[in-house]
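Trainee: I'll drop the sequence and a predicted model, then ask my questions.
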Amino acid sequence: MYRIGGISNHIHLLVDIHPTIAVSDFMKELKEYSSKWLSVNMNFPEFDGWAVSFAAFTYNVKEKQTIIDYIKNQKEHHKKVSFEEEYRSFLIENGIDIDERYFLKD
């Protein structure tokens, strides 16, 4: 794990996982174990579980520090552009079709 951070409606992780580990398996375990910890931790009284879905993207190692800085500055960044606007734009820019029935639904 290189960096973790986010705001109230989403979280970013910059991780390096071995190619033999499926991203879905990684996320399943991460959500499972962190849910158990967060639900009993008094510092997170409003945590009521993770969303069912997630998004995962690869990155160029040359961009690692840029991504770390982006994650560090989520609070300030999302004062300018909402997560929903940014995510929608990112998907469109990368040619990913958006099915509105499922876009950012729990």
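Mentor: Happy to help now that I have it.

Trainee: please count neighbours and contacts with C-alpha atoms only from this point.
Mentor: Will do.

Trainee: so where's the protein uncertain?
Mentor: 106 (pLDDT under 70).

Trainee: which parts of it are helices?
Mentor: For the chain, the helices defined by DSSP state H occupy 23-40, 64-72, 74-80, 83-93.

Trainee: tell me which of those helices sits nearest to Ile4.
Mentor: Closest of the helices of the chain to Ile4 is helix 64-72, at 6.9 Å (criterion: Cα to Cα).

Trainee: elements contacting the closest one?
Mentor: Under the contact criterion of 3 or more Cα pairs under 8 Å, 6 or more residues apart in numbering; DSSP states H and E, helix 64-72 touches strand 3-7, strand 10-14.

Trainee: what do you get if the cut-off is 6 Å, keeping everything else the same?
Mentor: Contact here means 3 or more Cα pairs under 6 Å, 6 or more residues apart in numbering; DSSP states H and E; on that basis helix 64-72 packs against no helix or strand.

Trainee: got the contact list for that helix?
Mentor: Gly5 (Cα atoms under 6 Å, 6 or more residues apart in numbering).

Trainee: tabulate the helices of the chain (JSON lines), appending mean neighbour count and distance to Phe47.
Mentor: Listed next are these as JSON lines, based on neighbours: other Cα atoms under 10 Å; distance: least, Cα to Cα, whole Å:
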{"stretch": "helix 23-40", "mean neighbour count": "13", "distance to Phe47": "6"}
{"stretch": "helix 64-72", "mean neighbour count": "15", "distance to Phe47": "21"}
{"stretch": "helix 74-80", "mean neighbour count": "12", "distance to Phe47": "19"}
{"stretch": "helix 83-93", "mean neighbour count": "13", "distance to Phe47": "19"}
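
Trainee: ok, which of those helices comes nearest Gly49?
Mentor: helix 23-40 (6.2 Å).

Trainee: any idea how far the closest one is from the middle of the chain?
Mentor: Centroid displacement of helix 23-40 relative to its chain, using Cα atoms, centre = their mean, to the nearest Å, is 13 Å.
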